[in-house]
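Novice: 3D model of this:
(chains A and B)
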2 protein chains.
Amino acid sequence: MKVVIVGGGFAGLGCAKGLANAQDVEVTLIDERNHHLFQPLLYQVATAGLSPAEIAAPIRGILSKARNVRVLCERAVDIDLVRRVLVTDTNEHAYDYLVLACGSKHAYFGNEDWEMHAPGLKTLEQATEIRRRVLSAFEEAEGEASPERKRALLTFVVVGAGPTGVELAGAIGEMSRFTLVRDFRMTDPSLARIILIEAGERILPSFDEALAARATRDLESLGVQIWTNSPVTHIDAEGIEVGSERLACRTVLWAAGVRASSLGEKLGVEQDRLSRVVVTGDLSVPGHAEVFVIGDQAHAMGPDGNPLPGQAPAALQQGRYVAKRIGALVAGHSFPDFEYIDKGQAATIGRRRAILESGRLRFAGIAAWIAWLLIHIYYLAGFKNRLFVVMQWAWSYFTYRRGARLIVGKDWRFYDPDQAEGDRGSGAGE
Amino acid sequence: MKVVIVGGGFAGLGCAKGLANAQDVEVTLIDERNHHLFQPLLYQVATAGLSPAEIAAPIRGILSKARNVRVLCERAVDIDLVRRVLVTDTNEHAYDYLVLACGSKHAYFGNEDWEMHAPGLKTLEQATEIRRRVLSAFEEAEGEASPERKRALLTFVVVGAGPTGVELAGAIGEMSRFTLVRDFRMTDPSLARIILIEAGERILPSFDEALAARATRDLESLGVQIWTNSPVTHIDAEGIEVGSERLACRTVLWAAGVRASSLGEKLGVEQDRLSRVVVTGDLSVPGHAEVFVIGDQAHAMGPDGNPLPGQAPAALQQGRYVAKRIGALVAGHSFPDFEYIDKGQAATIGRRRAILESGRLRFAGIAAWIAWLLIHIYYLAGFKNRLFVVMQWAWSYFTYRRGARLIVGKDWRFYDPDQAEGDRGSGAGE
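Specialist: You can find the predicted model right below:
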C-alpha cells in the first residue's frame, strides 16, 4: 500500500513515525522544506535566544531508521482524487492513502500589502528576518541624531495578542531590558517601547481570564504596553494606524491570524472561513475515506463542539491516529473515530514567568515557567537539539546574554559599495 | 584623543581590545555588520557542521566592558585625510588616529559574472548560501529520474586549492560519505563526485611539499578528485570549463582568490595588485603617521621579504601592535616598528586528519588534527561559543551527524504557490 504524506510538521511527521517499518506500507513524505521545525520555540529564534539549527532538524535525518519511508523535497501543487495521484512541481506520486498535513500561514485579512512591513512568524526565514529587523533597529538608533527618528526606531509593535504575540512581546521586552542594556553607549535600550496591539477585548482569549490578567501584569513589568480593542487600520514603512491614531514605529510584527494552506482547495470539499478542510470523525475528507487532512490544515470537531486548536499536541495526536487508522484499514479491520485529549496550554512571558492551564489546573509564575520548560524540552525532536537548547537556556539564564544576536542579511553576494545598488540581488519587498 | 577603527575582524577587534579602557583615548569602532566572525571556521557553517551563531558574536557584546569604546553599525564610504574625518553612509567621524581593518573579499579576476554560479566564502550569508546549494543538490538528486541530471547534481566543484578550498572539499567529502549516506533511499550520496580544481601546480602552495602530498592522499581517501594545472575558463549555471574540457555540475564553490576592500583606494597611496595598501614598518600609510592599515587590507612586509599572509594570527598581531603604538604616541613616547611572529599554519581534511607546520615542526594525521582542534578552540572569541563549538564537534564526531543541516531560503515572505512567481521578492542572482 502506498501512503503519501504531505508536510513534515508535527502532524505529518507524527503520521510517518507511526507508520515507520509497518508491514506492506510504503510511505512517501513530501515537504518543500528539508527540515521539521519546532514552531512553539520559533519566537526564541526571532528574539536571538536560539539558533535556527537548535529548533529544526532535517526530516530525513529524523526518519533515517524508518526504512519504508522515503522523504522528498518537492512542492505539492495538485491532487487528482480520481486517479489517486498527488502532483508536485517535479513529479507525480500515486497513492492508496493520502495524508494532507500542510499547516497554515499568516493571513492579513485582505491587507496582503502589509506583509512587507509586518512579517509573520511561521518559518525560519521569517524568524531570522524579524531578528534582523529588531536588532538593526537598536543598531540604527545608536547612530541616530534626531530624537524623533530615534523614538520611532525604538518602538516595537506586535499585532495580535495570542500566545505567539505575547511571547514575542515579552521576549523583546526582556532582551531590551536585560541583554542589550549593557552594550550600548548612546542609547538606553531599556527605554524601548514595546506595544502589543489586540483588536479583541483582552489578550490570550483562549486562556482563563485570571491567567490572562496575570500575563498582562507580567508583560507590563517588562515594559510592554497593551492596547486592547484596537483594530489596526493601516501599516506602512513608517508606522501603524489604529483607528485614526497614528504611531510612528519602524518595526511591526504580525501575530494576528492564520489561514490554512491553499492545497486544501484542490479537494473541492467544504472549507471553513480560515480555509481549513472540514473533516469527518475519522479525519478523512467526506466521500474519500482514503484522504485524510490533519493538523492546522484541518477543521476537526473537538469534544466541546469547537474546532480543535492549531497547536502542536493536537497535530501530533491526529498524525498518530491516522497512522494507526491506515494500519487497521490495510489489515482490513475497523477503527474507532478520533478522540482528542486536551492536555492544556501554556505561554511564557520573559524569564521565570509563564501561565499554564491543564484541565482544572491553573498556575502562573515560576512554577508554570518550570513546567513550560520541562514540557518543551520533552517534546523537542531528537536528543541532540534537546541537549543544546537546554544548554543555551541555562547559559542565557545565568548570564542574561542571548546566544544568537546576529544580523544576517538577505543577500549572500558580496556587497561592493563602489558598484551601483542595482547590481545587488534585490532583497524581498524592501 | 579620538581613535576611529574601521572593521570588527581580527585586526580591528584586536586593536579595540588593546585600547580598552586606556586613558585619554576614545575609540569608535565602525563595522557595517553587527558581528565579529571567526572566519577560520566559516567552512564548517557552509558544510552544516556548525551554526552561524556558534562562530560569530555581536561586536558590541565582545566590547561591552570597554567603556571607552563605542560600536557603530555603519558603512565607511570615504576618508578625508586633510580634515581627518571618516565618512560613513550616515555620519562623519573626526579622528586623531584612524585604523583601517576592512579585510578582503573574493575576486574573480575580471569574471565577476561567475559569482552567481560560484559563491565565495567570506560572510555568514555566503556560508548559508553554500550550505543551501550543497544540501539542495542532494535533495534534488533524490527525486531526479534522469541519470545525467542526477550526475550533474551530485558533482561538486571547488575552485582553488588553498586552505579554504581544501577544507571545503574535505568537509563535503566527509558529509557525503559519512553523514548523508544513511538518510537517502534512492540516491547514494557517497557516489557524489567532489572535484578540487587548481590552476597552479599543486594544492596548498603555502605549505611544505611533503605535507601537501599528504593532504592530497587524505582528500582522495574522502573521494575528492584533485585537478591541478587546470585554469578555469568559464562557469555557468550548468557547469564549468577547464580549457576546452566541460564538466556538467550544478554546484561550484569559489576559493580561488581575494582582493582587499576598496576603501583603501580613498587613501591615494600605493596599492599592490590585490588592492592591499602598502604600509611602512609601523603599519602606517606613507606620509600619514596617524593612519594605519592592518589585517588583510594591508601589504606589510614580513621578515622573509614577502608580504604577510592574510591570516587571523597576522591580523591579530597587527591590531595589538597598533593599539600599543597609539598608546605610546598619545603618551609622547617613541615605539619600535612592527615585528611579525610566524606561528605557522594548519589545515584540516575531514575528521581526524590535518596538516600543521610551525617553525621546523611538520606533522600530519591525527596528532595534527588534535593540535588544530586545540588551536581553534583557544582562539574562538568568547567563552560561550567555545563551549558550544566543542560540544557540537564532540557530538558530530561520535554520531557522524551534522548539527546544522538546514536549507534556509533567501526569501522570508511566505511562498504562496497560487500566486505568480513575480510576486515573490526575487532572490539573488537565481
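
Novice: helix, strand or coil for the nearest residue to residue A:285 once chain neighbours are set aside?
Specialist: Nearest non-adjacent residue to residue A:285, counting by CB to CB, 6 or more residues apart in numbering or on different chains: residue A:291, 4.5 Å away. Heads up, the C-betas are built off the backbone N, CA and C, glycines and all. Of the three states, residue A:291 takes strand under DSSP: H, G, I helix; E, B strand; the rest coil.

Novice: mind checking how far the host helix or strand of residue A:330 is from the chain centre?
Specialist: Element membership for residue A:330 (DSSP states H and E) is helix A:312-331. Relative to its parent chain, helix A:312-331 has a centroid offset of 22 Å by CA atoms, centre = their mean, to the nearest Å.

Novice: next one: stretch A:356-368
Specialist: The answer for stretch A:356-368 is 22 Å, by CA atoms, centre = their mean.

Novice: Flag every buried residue along that stretch.
Specialist: Under the neighbour-count criterion of 16 or more other CB atoms under 10 Å in any protein chain shown, stretch A:356-368 has A:356-357, A:362-364, A:368 buried.

Novice: And the contacts of stretch A:212-228?
Specialist: For stretch A:212-228, contacts defined as CB atoms under 8 Å, 6 or more residues apart in numbering or on different chains pick out A:161, A:166, A:169-170, A:172-174, A:176-177, A:190, A:192-198, A:200-205, A:207, A:242, A:347, A:349-350, A:353, A:355, A:364-365.

Novice: if I look at residue A:319, how far off is chain B?
Specialist: For residue A:319, the distance to chain B (CB to the nearest CB, to the nearest Å) stands at 21 Å.

Novice: I'd say that residue and residue A:7 touch.
Specialist: No. The criterion here is CB atoms under 8 Å, and residue A:319 misses it with residue A:7 at 9.5 Å.

Novice: tell me which parts of the stretch 201-350 of chain A are close to chain B?
Specialist: A:262-263 (CB under 8 Å from any CB of the partner chain).

Novice: pLDDT on stretch A:69-88, on average?
Specialist: The pLDDT scores in stretch A:69-88 average 96.

Novice: quick one: is it near chain B?
Specialist: Yes. Using CB under 8 Å from any CB, stretch A:69-88 reaches chain B at A:70-75, A:77.

Novice: Assign residue A:177 to helix, strand or coil.
Specialist: Three-state assignment for residue A:177 (three-state DSSP): helix.

Novice: Quickly note the distance from the closest residue to it other than its chain neighbours to chain B.
Specialist: Nearest residue to residue A:177, sequence neighbours excluded (CB to CB, 6+ apart): residue A:190, at 4.8 Å. Residue A:190 sits 15 Å away from chain B, going by CB to the nearest CB.

Novice: correct me, but residue A:315 touches residue A:294?
Specialist: Yes. When contacts are counted by CB under 8 Å, residue A:315 is listed as touching residue A:294 (6.7 Å).

Novice: Show me the common contact partners of the two, please.
Specialist: Jointly contacting residue A:315 and residue A:294 under the rule CB under 8 Å, 6+ apart are A:11, A:101.

Novice: In terms of neighbours, single out the busier of these two.
Specialist: Ranked by neighbour count (other CB atoms under 10 Å in any protein chain shown), residue A:315 and residue A:294 place residue A:294 first, with 34 against 28.

Novice: For residue A:248, give me its contacts.
Specialist: By CB under 8 Å, 6+ apart, the residues touching residue A:248 are A:148, A:151-152, A:155, A:238-239.

Novice: Same check on residue A:205?
Specialist: Residues near residue A:205 by CB under 8 Å, 6+ apart: A:162, A:212.

Novice: can you rerun that using 6 Å?
Specialist: Listed by CB atoms under 6 Å, 6 or more residues apart in numbering or on different chains, residue A:205 has no contact partners.

Novice: Could you measure from it over to residue A:309?
Specialist: Distance, residue A:205 to residue A:309, by CB to CB, to the nearest Å: 12 Å.

Novice: And the buried residues of stretch A:356-368, which is closest to residue A:266?
Specialist: residue A:357 (37.3 Å; CB to CB).

Novice: if we can go back for a sec, widest-spaced pair of the residues of stretch A:69-88 next to chain B?
Specialist: A:70 and A:77, at 19.2 Å, using CB to CB across these.

Novice: All the strands of the stretch 251-400 of chain A, residue numbers only.
Specialist: Assigned strands in the stretch 251-400 of chain A, in chain order: A:251-254, A:258-260, A:277-278, A:284-285, A:288-293, A:298-299, A:345-348, A:354-358, A:361-364 (criterion: DSSP state E, counting those that start in this stretch).

Novice: Report how many residues lie close to residue A:225.
Specialist: Residue A:225 sits with 14 neighbouring residues when counted by other CB under 10 Å.

Novice: Surely it is within a strand?
Specialist: Yes. Under three-state DSSP, residue A:225 sits within a strand.

Novice: returning to what we had before: including mean pLDDT, could the strands of the stretch 251-400 of chain A go into CSV?
Specialist: CSV is the format used below for the strands of the stretch 251-400 of chain A (pLDDT from 0 to 100):
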stretch, mean pLDDT
strand A:251-254, 96
strand A:258-260, 93
strand A:277-278, 97
strand A:284-285, 97
strand A:288-293, 97
strand A:298-299, 97
strand A:345-348, 92
strand A:354-358, 93
strand A:361-364, 92
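
Novice: just the ones you listed: most buried one?
Specialist: strand A:251-254 (a mean of 25; mean count of other CB atoms under 10 Å in any protein chain shown).

Novice: Need the contact partners of it.
Specialist: So strand A:251-254 is contacted by A:106, A:117-118, A:120, A:130, A:133-134, A:137, A:156-159, A:168, A:235, A:240 (CB under 6 Å, 6+ apart).

Novice: now those: which count as buried?
Specialist: Applying 16+ other CB under 10 Å to the contacts of strand A:251-254 flags A:106, A:117-118, A:120, A:130, A:133-134, A:137, A:156-159, A:168, A:235, A:240 as buried.

Novice: what about residue A:60, neighbour count?
Specialist: Residue A:60 has 28 neighbours, counted by other CB under 10 Å.

Novice: my guess is it meets residue A:72, correct?
Specialist: No. Look at residue A:60 against residue A:72 with CB atoms under 6 Å: they stay out of range, at 9.2 Å.

Novice: In contact with the residue lying closest to residue A:276 once chain neighbours are set aside, which residues?
Specialist: Nearest residue to residue A:276, sequence neighbours excluded (CB to CB, 6+ apart): residue A:299, at 3.8 Å. Contact analysis of residue A:299 by CB under 6 Å, 6+ apart lists A:272, A:276, A:278, A:307.

Novice: got it, and residue A:30?
Specialist: Under the criterion of CB under 6 Å, 6+ apart, the neighbours of residue A:30 are A:6, A:72, A:74, A:76.

Novice: tell me the secondary structure for residue A:105?
Specialist: strand.

Novice: If I look at it, what pLDDT would I see?
Specialist: Model confidence at residue A:105 (pLDDT) stands at 90.
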